[in-house]
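Undergrad: please find the sequence and the predicted model below.
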Amino acid sequence: MPAERAGYTVTMFLIDVSPSMGATRSVELPPTPNGEQRTTEMTNLEWALQFVKLKIQEMIFNGRKTDQCGVILFGSEETNNIIHEKNGGYQHVSEYIPIAHPNSTTLAKLDALQPSENSGDPIDALIVGIETQDIYLIKKRTWTRKIVIMTDGQSPMEIEDWEATVKKMNKLAISLTIIGVDFDDDEFPFHEERSLTLRSNLLSFQVENEAFYHKLASALDDGLVGTCVFALQEITRPDMKQTKSALMGTVLRLGDVDVRPEEAIEILVKASKCTALARPKSWKKFGRREKTDEQMQVDEEEEMTMFAQLKMRSEYYIDRSTQDGEEQERMNTGSDDEEDKDKNLEKVEKEQLIRGFKYGSTYAPCPDGQFRRLNTRKGIDICGFFHVKNFRRELAMGEVQYIWADPGAPQQQVALSSIVQAMYEKGVLAIARWVSKDGMDPKMGVLEARVDTNIDFLLWVQMPFADDVRKYTFASLENLISKNSESITKHPYLPTEVQLEAMGRFIDCMDIMDSGEKDDEGDPIPWYDTRQSYNPAIHRTKQALFHSAVVNDITSNPLPPPHPELLKYINPPQWALKASKDATAECKAVFKHPRKLQKSAKMATFAPWTKTKTCSSSTKSQPCRAKAKNLPASQVPVSPKLARPAKKSAASDSETEEESDQEPLLLNKRPFNTLPTPERSMSPDVDPGRAPGRIIGSTYPLRDFKTNLAQGDVVTKAVEDMGVIIKEVVLRPFASRRHKEMIECMIAMRDTSLKEDEIEAWNAFLRDLKESCLKEAGNSEFWQEVQKLGRSLSLISEPEARKLGGRSEFSESASEAFVTQ
């Protein structure tokens, strides 16, 4: 399957809202923790909309502005489409959501859909969708066009001249997908079970409509008909979508083009991604929002728990005790007084600090934030070659990049092909130094030659610098040497021949290379395929995000189980477990494997403070020691003062028995003091949401406004900031939950503006707010609530201002008309 360009797609969803879509059905839900089966009742429309919302949520999740969609309803009460406006006809077909990049408002509008009392023609809706999409993409001919029809097939339709519609769809390269509620689909492994009574009661046109949809899809170059239950299952299938990567121009150099240009080569090349690292979406942390005095007075029935996003905040302190030698003195005396520690901490602002880098045991200050960069030049410089057999695959890091010759320069293609062919024939890799643009830090990597049928290219992967590779040495697992330099042949750490044979048989039983399904020739294939193995952290998180976005109540409609493809390789194959059963039992018997591992005594000895707990009756957080008499002898904490080197046994000839000699090295020589148990962590302070230079925050704007007015001469600044915050909050997504709060802020702001002669500021704010709310991406619902309050929240007129000694450019009639229009 060739990779398609990511984004640059317009998908039209044609949704059937006819009366038949209001029929209820029972939908199975995931079982309870107790294993009880449960179901829920929902209409066919609600069930079908789950597919639409999941597809739209995918567009929102990807975040590409070129992923756009529109929604057209057929069977609606009203008629609103571009063909009806020009030529009439096409009744009960309405453009519900215009083509645009979807957002949370799109999902909210879909949730508001209800079945109507009129039937609509799906062919009319298809023609309207084609025309609407074509007009929108009149200057974007290269974009991908898709149409999805959601219906139960029970609406009557006129199928005359449908061949002309098919020709136009093929001409525009439109992909059509028809998702039917309770459709039979022979192409997929699903067949909707219907009782004989239900089949006999189906009207003739319902059966004919389903057959016509299959005929329509087969006549198209790209058409598909499926059933809704199978579509909902497949939409949760893990998918690694192949997309085209943008070509980035650079230069491939071989030799020194500055000193010896006659011996050097420069080739214009293009780089693109071969692989891309995928990570799960990051989570945001939220905490309970503090309640204001006004919120505390709300009735319990209306009381709601509000949450606010937690943000990281850094504070900087200097510990002066390390400079005066007090820290060492406190360590020697064993002082653990927290108050003394706090006295030595001095808070400093970030502006007083400079960035530094650790170098050994000291820090090298860097006032500019970073050291001077190397004077590098953009391009890929080949530094040398080495044989493929010397390549250490475990050192490859990062993503793989394609290196192509410039598609528009045949001479560059021949030059790169000659280098690729030479590297391929010699069996060598190239060491390359890549600089993405002038002045950037270089990256070291290797280039591998690839010779394909029609093209020669290179693959580049980043490798670590020599300083980044750490070499660790470990003692031999097969040979033990005593202190007398004698080889030990028998020891508990050395396996016997019987143990080696048992482990060998166990490893042979775990071979799953030829344990999969059989191919066409009857030969077994490998059980594990990396192309069909998916990361559960990515896809399960994505499924949870999508489900929470399209379901109104997560309690009544919990997250469904993972797709079977996601769990395909979680558990080993049953035949492998059965084949290794005897070998596993033999290994347990030979190695004398205990059923339950006992806790190490040394871990309990060296970490006695892990046994402390906080006394609930004490006002300070003090450790309460666990009673040693209730502990086993092997777990009683031992003081370092009592720890003494064990006497060397005369029969000892293994260096593994010298572990007791090394134990005192892990202990400090100063007097032992049990570390204090930390106090219970408290939730961080709620972020007031104040931007730099603002005195009003978005978290508690009304409280901040009143606080600043009480302080003194900051009225002008407070009114200005309050206006900015109200507009910012109102235009945010999901602002409806704060409409009432913003209305209260506006009332307080208008009253203050009238009394403190900030009339011009209020009038300018209100005009700007109205204009922003009535825009396409604004918040018309909030402005409707303002209109309900009427004159009390309108512009301040000249008569109002004159009563308090102020002036206004608006008359009383203009103020009344402003809020009503």
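TA: Structure received.

Undergrad: please enumerate the helices of the stretch 1-150 of the chain.
TA: For the stretch 1-150 of the chain, the helices defined by DSSP state H, counting those that start in this stretch occupy 44-62, 82-87, 104-111, 122-136.

Undergrad: how about the stretch 451-600 of the chain?
TA: So, for the stretch 451-600 of the chain - with DSSP H, counting those that start in this stretch - the helices run 497-509, 536-550, 574-579, 581-591.

Undergrad: thinking again about what came up before, so which of the helices of the stretch 1-150 of the chain is nearest residue 803?
TA: Residue 803 lies closest, by C-beta to C-beta, to one member of those: helix 104-111, at 42.0 Å. C-beta: built from backbone N, CA, C; applies to glycine.

Undergrad: what helices or strands is the closest one leaning on?
TA: For helix 104-111, the elements it packs on are helix 44-62, strand 67-74, strand 93-100, judged by 3 or more C-beta pairs under 8 Å, 6 or more residues apart in numbering; DSSP states H and E.

Undergrad: alpha carbons of that helix, as PDB, please.
TA: What follows is helix 104-111 as a C-alpha-only set of coordinates in PDB (Å, rounded to 0.1, in the frame of the first residue of the first chain):
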ATOM      1  CA  SER A 104     -14.500  20.200  20.700                       C
ATOM      2  CA  THR A 105     -17.500  22.300  19.400                       C
ATOM      3  CA  THR A 106     -17.900  19.800  16.500                       C
ATOM      4  CA  LEU A 107     -18.300  16.900  18.900                       C
ATOM      5  CA  ALA A 108     -20.700  18.900  21.000                       C
ATOM      6  CA  LYS A 109     -22.900  19.600  18.000                       C
ATOM      7  CA  LEU A 110     -23.000  15.900  17.100                       C
ATOM      8  CA  ASP A 111     -24.100  15.100  20.600                       C
END
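
Undergrad: contacting residues around it?
TA: 49, 52-53, 56-57, 60, 69, 71, 96-97, 549-550, 552, 733-734 (C-beta atoms under 8 Å, 6 or more residues apart in numbering).

Undergrad: so which bits of stretch 35-48 are buried?
TA: 42-48 (16 or more other C-beta atoms under 10 Å).

Undergrad: what's in contact with stretch 75-83?
TA: 16-19, 21, 72, 89-96, 115-120, 127-128, 131-132, 135, 155.

Undergrad: wait, stretch 764-775
TA: 723, 726-727, 730-731, 749, 778-780, 782-783, 793-795, 818.

Undergrad: picking up where we left off before, the contacts of helix 104-111, buried ones only, as a ChimeraX selection?
TA: The following ChimeraX command selects only the buried members of the contacts of helix 104-111, with burial defined by 16+ other C-beta under 10 Å:
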select :49,52,53,56,57,60,69,71,96,97,550
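
Undergrad: which residues of the stretch 601-750 of the chain score low on pLDDT?
TA: 601-686 (pLDDT under 70).

Undergrad: hey, least reliable of the helices of the stretch 1-150 of the chain by pLDDT?
TA: Mean pLDDT per stretch puts helix 82-87 lowest among the helices of the stretch 1-150 of the chain, at a mean of 86.

Undergrad: identify each buried residue in that one, please.
TA: Across helix 82-87, burial judged by 16+ other C-beta under 10 Å covers 83-84.

Undergrad: all strands for the stretch 701-821 of the chain, in order.
TA: In the stretch 701-821 of the chain, no strands are found when defined by DSSP state E, counting those that start in this stretch.

Undergrad: quick one: the spatially most central residue of the chain and residue 61, what's the gap?
TA: Centroid-nearest residue in the chain, with C-alpha atoms, centre = their mean: residue 281, separated by 1.2 Å. The spacing between residue 281 and residue 61, counted by C-beta to C-beta, to the nearest Å, is 8 Å.

Undergrad: any residues in contact with both of these two?
TA: Between them, residue 281 and residue 61 share these contacting residues under C-beta under 8 Å, 6+ apart: 542, 545.

Undergrad: so residue 224, which state does it fall into?
TA: Secondary structure, DSSP: H, G, I helix; E, B strand; the rest coil: residue 224 is strand.

Undergrad: show me what contacts it?
TA: Contacts of residue 224 by C-beta under 8 Å, 6+ apart are 176-178, 217.

Undergrad: show the pLDDT at it.
TA: 90.

Undergrad: what pairs with it across the strands?
TA: With DSSP bridges as the criterion, residue 224 is bridged to residue 177.

Undergrad: what's the distance between it and residue 102?
TA: Counting by C-beta to C-beta - residue 224 and residue 102 are separated by 22 Å.

Undergrad: could I get the full set of strands for the stretch 251-400 of the chain?
TA: 265-273, 286-288, 307-309, 316-319, 345-348, 355-359, 362-366, 379-387, 397-405.
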